[in-house]
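Undergrad: model this:
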Amino acid sequence: MHSHTSLQHLEKPHNILNFSHSGVDFSINVPYLYQITLALILVVSMFLTPYVLYLLMRLGKWGWLTFFGILMAMVAGVAWFLKSAEGPWEAVAGFFILLFLLFYMWLLRMRVNEWIAEARYRMNLQMKKTQQKPVHGY
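TA: Below is the predicted model:
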């Protein structure tokens, strides 16, 4: 688990979760671009969420997978309640799910950054230990 391949697996979600684009910030003030941006975020999250969950499974981060399941079950319950209400709440339900998915990804992003720092520290420490082994036998 604490090898170079583990660090490679950690860097994949790190790159995905740290992606940003300046155009998204601009589009919040423009309604048409906002709708396109929201649709793009929905489509991207539909494809990236299973991949991020697959990477978490591969890394053995069962607590994060459990947290995702519990969070999404609670959000789905609230969204179902909102969809059954009349008025504009039906539109809010989809946004509510997306908001909590983005919240989960943000929390995961912070933690993945810590995992990478820890893995690099362990790798550097292990490299120092192997380089400083005293030679016996003389």
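
Undergrad: Looks like Ser45 contacts Leu99 (just checking).
TA: No: in this structure Ser45 lies outside contact range of Leu99 using C-beta atoms under 8 Å: 11.0 Å. In short, each C-beta sits where N, CA and C put it, glycine included.

Undergrad: Who has more neighbours out of those two?
TA: Using other C-beta atoms under 10 Å as the criterion, Ser45 and Leu99 rank with Ser45 on top: 16 against 12.

Undergrad: Give the full set of residues in contact with the residue nearest to the more buried one when sequence neighbours are not counted.
TA: Leaving aside its sequence neighbours, Ser45 sits nearest to Leu101 (C-beta to C-beta, 6 or more residues apart in numbering; 5.8 Å). When contacts are counted by C-beta atoms under 8 Å, 6 or more residues apart in numbering, Leu101 is found next to Ser45, Thr49, Met72, Val75.

Undergrad: can you check Leu107 too?
TA: Not one residue lies near Leu107 by C-beta under 8 Å, 6+ apart.

Undergrad: how about the helices of the chain, start to end?
TA: Taking DSSP state H to define them, one finds helices in the chain at 4-17, 22-27, 31-59, 62-84, 89-131.
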